[in-house]
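In: can't give you the sequence, but here's the structure:
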C-alpha cells in the first residue's frame, strides 16, 4: 500500500512538472515572438555571415539551395553587372553589438544584439544621417549613435550610469 502510494505520488509529480515545463516553454515562446517580434532574436553565426555577404536571410518557407532543383534557361543577353551593396560593419560596445551599413552617405542599422544583462531600446534604424540604439541595464544606459565617415559606419558611444527605471 505504501509503495503503491509512493509510486502514484511520483507519477503525479512528474505529470505536474512536465505540464508546468510545457506551459512555461509555450509562454516564453509566445512572449518572445509575439511581443518582441522575430527581429529581436539572437543572430546565429550563419545569420551574421549572410548579412555581411549581403545575402537574404533564410526563412523556414524558403527551400534550401540543396532542396531546390534549378532549371537551365538559355539566355542570349549578356549578364548585367549588379551593384554590390556595401558590406556591413560590426560595432561592439559594452552594452551590445550593432551591425551597420553605409549607403549614399546614410547609415542603416542592419541588426543589434544586446550584451547579457542589457536590452535594446529607442532604436532609430535609419537610413538616416545618424542611426542609434540604446542598450539599457538596471543602472546603466549605453547609447550608440552611428554615422557614416566616408563609406564606413562609425559609432559614437556614450554611457550614462545615473540609473534608469526599466
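Out: That came in fine, so what should we check first? In this text the structure is predicted, and so the values were computed from the model without any measurement.
In: Would you map out the domains in this protein?
Out: Domain segmentation of the chain under automatic domain parsing yields 1-41, 85-160.
In: For residue 139, give me phi and psi.
Out: Backbone torsions of residue 139, given as degrees, to the nearest 10, read phi -130, psi 10.
In: could you dump the domains of the chain to CSV with distance to residue 55?
Out: Just so you know, the C-beta spots here come from the backbone N, C-alpha and C atoms, and that holds for glycine as well. Shown next, in CSV, are the domains of the chain (distance: least, C-beta to C-beta, whole Å):
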stretch, distance to residue 55
domain 1-41, 17
domain 85-160, 10
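In: Which of those sits closest to residue 54?
Out: domain 85-160 (4.4 Å; C-beta to C-beta).
In: for the record, mean pLDDT for the closest one?
Out: Average pLDDT, domain 85-160: 91.
In: what does stretch 43-61 give?
Out: On average, stretch 43-61 scores 68.
In: same thing with stretch 21-33?
Out: In this model, stretch 21-33 carries a mean pLDDT of 60.
In: Remind me which helix or strand residue 20 belongs to.
Out: Per DSSP states H and E: residue 20 is located in helix 2-34.
In: same check, this time on residue 142
Out: Assigned by DSSP H and E, residue 142 falls in strand 141-149.
In: Give the buried residues for that strand.
Out: 141-148 (16 or more other C-beta atoms under 10 Å).
In: repeat for stretch 107-127
Out: Buried residues in stretch 107-127 (16+ other C-beta under 10 Å): 107-114, 118, 120, 125-126.
In: where exactly do the strands run in the chain?
Out: Using DSSP state E, the strands of the chain run over 89-92, 96-103, 106-114, 119-124, 130-136, 141-149, 152-160.
In: any chance of these in a markdown table, plus distance to residue 9?
Out: Shown next, in a markdown table, are the strands of the chain (distance: least, C-beta to C-beta, whole Å):
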| stretch | distance to residue 9 |
| --- | --- |
| strand 89-92 | 52 |
| strand 96-103 | 47 |
| strand 106-114 | 43 |
| strand 119-124 | 41 |
| strand 130-136 | 46 |
| strand 141-149 | 50 |
| strand 152-160 | 53 |
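In: closest one to residue 44 among these?
Out: strand 106-114 (10.9 Å).
In: list the helices and strands the closest one packs on?
Out: helix 45-53, strand 96-103, strand 119-124, strand 130-136, strand 141-149 (3 or more C-beta pairs under 8 Å, 6 or more residues apart in numbering; DSSP states H and E).
In: Same list (those) but as CSV, adding distance to residue 13.
Out: What follows is the helices and strands packed on strand 106-114, written out as CSV (distance: least, C-beta to C-beta, whole Å):
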stretch, distance to residue 13
helix 45-53, 40
strand 96-103, 41
strand 119-124, 35
strand 130-136, 40
strand 141-149, 44
